[in-house]
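**Q** just a sequence and a predicted model for now, questions to come.
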Amino acid sequence: MLAVLFARDGAVPAGGDEVVAECGGRVLVCGTGAHEAAAALQVQGARAVETGQFEPGTLAQQIAPLLDDDIVVLPGSPDGRDLAPRLAHVLRRRLLAGAIRVTEHEVFLARGGGREIHEVTVDGPFVATMVPGVRGTVPTPEADHGVPSVAEKVVAGTASGTDCAVLEVLGPDVATMDLAEAPRILGGGAGLDSSERFDQLTRVATALGASVGATRVVTDRGWLPHARQIGTTGCVIDPELYLAFGISGAVQHTAGLGQPQYILSVNTDPHCPMMQLADLAIVCDANAALDALEARMAERMAGQRG
């Protein structure tokens, strides 16, 4: 099995390290700054292919000759999800998207919003994408470890044919970006008393340059879409900062938090699991805390305009 990653300016995509671990350390990195990204993966024998900006149709044709008969696994990052179907088309192979585990003969796919796991038996090469944040990066016995060594740096040729034209690459919109890639997240739970509180949470998060997440209770009520749900049946995150408003910290939620650098929790129960996990625990009503935070931010913005 071979992991295929697209790097932007030397950055490894979300879930890239997990895909490399699933493939026993075998990886082909393409994109801009591919050499630096391959070295950052800390595996021996990584290959780097400098291909320029992201044009998925052209890229699939460029790297297809380098893949031989390998089973190809990509992270389910935005670029990975764009590239995988085009690569499967060029290689004339089956595409299995949304996997949580991939082997040479079996693929386990998350379906029904993560509530179902479908086991698919496969025979021969295929292309798969893996859900970021689910596998983790526990070392595999087959993986090569030690000093990273990029075995080859290849400049791929230009493919013929047409592709989508990249007019401009915009920075991520914190209101819509994948939670798995968000560096700051404000999460809301059952302690917030209405759907309007999540409109308020969104306003505060946007002002702070953060994304909004929620517990399953909130998404089941329809206050936020399922894509904003954090936990074992939602999205697995790994932000630098996580602010939890009115979240008690059920294991189904905390299992999806990854390893945030800082956790701040606001809750009336000082003994709930989320407060125990927090670097800073504030014992108060989460609704009142949101009101005070939004009012303070409004004052600050008024002062800046004045």
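**A** In hand now; what should we look at? Residues are numbered from 1 along each chain as shown.
**Q** output the below-cut-off pLDDT ranges for the protein.
**A** For the chain, the stretches with pLDDT under 70 are 113-114, 138-163, 165, 305-306.
**Q** give me the longest helix you can find in it.
**A** helix 286-305 (DSSP state H).
**Q** buried ones in that helix?
**A** 286, 287, 289, 290, 293 (16 or more other Cβ atoms under 10 Å). (C-beta placed from N, C-alpha, C; glycine too.)
**Q** from the chain's centre, how far out does it sit?
**A** Offset of helix 286-305 from its chain centre (Cα atoms, centre = their mean, to the nearest Å): 30 Å.
**Q** who's in contact with that helix?
**A** Residues from elsewhere that reach helix 286-305, judged by Cβ atoms under 8 Å, 6 or more residues apart in numbering: 188-189, 191-193, 197, 200-201, 203-204, 207, 245-246, 266-268, 282.
**Q** cross the residues you listed against helices and list the overlap.
**A** 197, 200, 201, 203, 204, 207.
**Q** now list the buried members of these.
**A** 197, 200, 201, 204.
**Q** how far away is the residue nearest to residue 203 when sequence neighbours are not counted from residue 131?
**A** Once flanking residues are discounted, residue 203 sits nearest to residue 294: 6.6 Å by Cβ to Cβ, 6 or more residues apart in numbering. Relative to residue 131, residue 294 is positioned 34 Å away (Cβ to Cβ, to the nearest Å).
**Q** top strand in this structure by residue count?
**A** strand 94-102 (DSSP state E).
**Q** and the strands in the protein?
**A** Counting by DSSP E, the strands of the chain are 2-7, 27-31, 44-50, 72-75, 94-102, 106-111, 116-121, 126-130, 149-155, 184-188, 211-214, 241-245, 262-267, 280-283.
**Q** what does the domain assignment say about the protein?
**A** 2-155, 179-305 (automatic domain parsing).
**Q** isn't residue 106 up against residue 122?
**A** Yes - in this structure, residue 106 is within contact of residue 122 by Cβ atoms under 8 Å, at 6.9 Å.
**Q** between those two, which has more neighbouring residues?
**A** A count of neighbours by other Cβ atoms under 10 Å puts residue 122 above the other of residue 106 and residue 122, at 16 against 12.
**Q** wait, doesn't that one sit right on residue 102?
**A** No - using Cβ under 8 Å, residue 122 is not in contact with residue 102; the gap is 9.3 Å.
**Q** anything in contact with each of the two?
**A** residue 96.
**Q** contacting residues for the most centrally placed residue in the chain?
**A** Nearest residue to the geometric centre of the chain (Cα atoms, centre = their mean): residue 180, 3.2 Å. If a contact means Cβ under 8 Å, 6+ apart, then residue 180 has 14, 15, 77, 132, 133, 235, 236, 237, 238 as its contacts.
**Q** state the distance from the residue nearest to the fourth one when sequence neighbours are not counted to residue 62.
**A** Spatial nearest neighbour of residue 132, chain neighbours left out: residue 15 (2.9 Å); criterion: Cβ to Cβ, 6+ apart. Between residue 15 and residue 62 the distance, using Cβ to Cβ, works out to 22 Å.
**Q** more neighbours: which of the two?
**A** residue 15 (27 against 21).
**Q** would you list the domains of the chain in JSON lines and tack on distance to residue 167?
**A** Below are these laid out as JSON lines (distance: least, Cβ to Cβ, whole Å):
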{"stretch": "domain 2-155", "distance to residue 167": "11"}
{"stretch": "domain 179-305", "distance to residue 167": "22"}
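**Q** thank you kindly, that will do.
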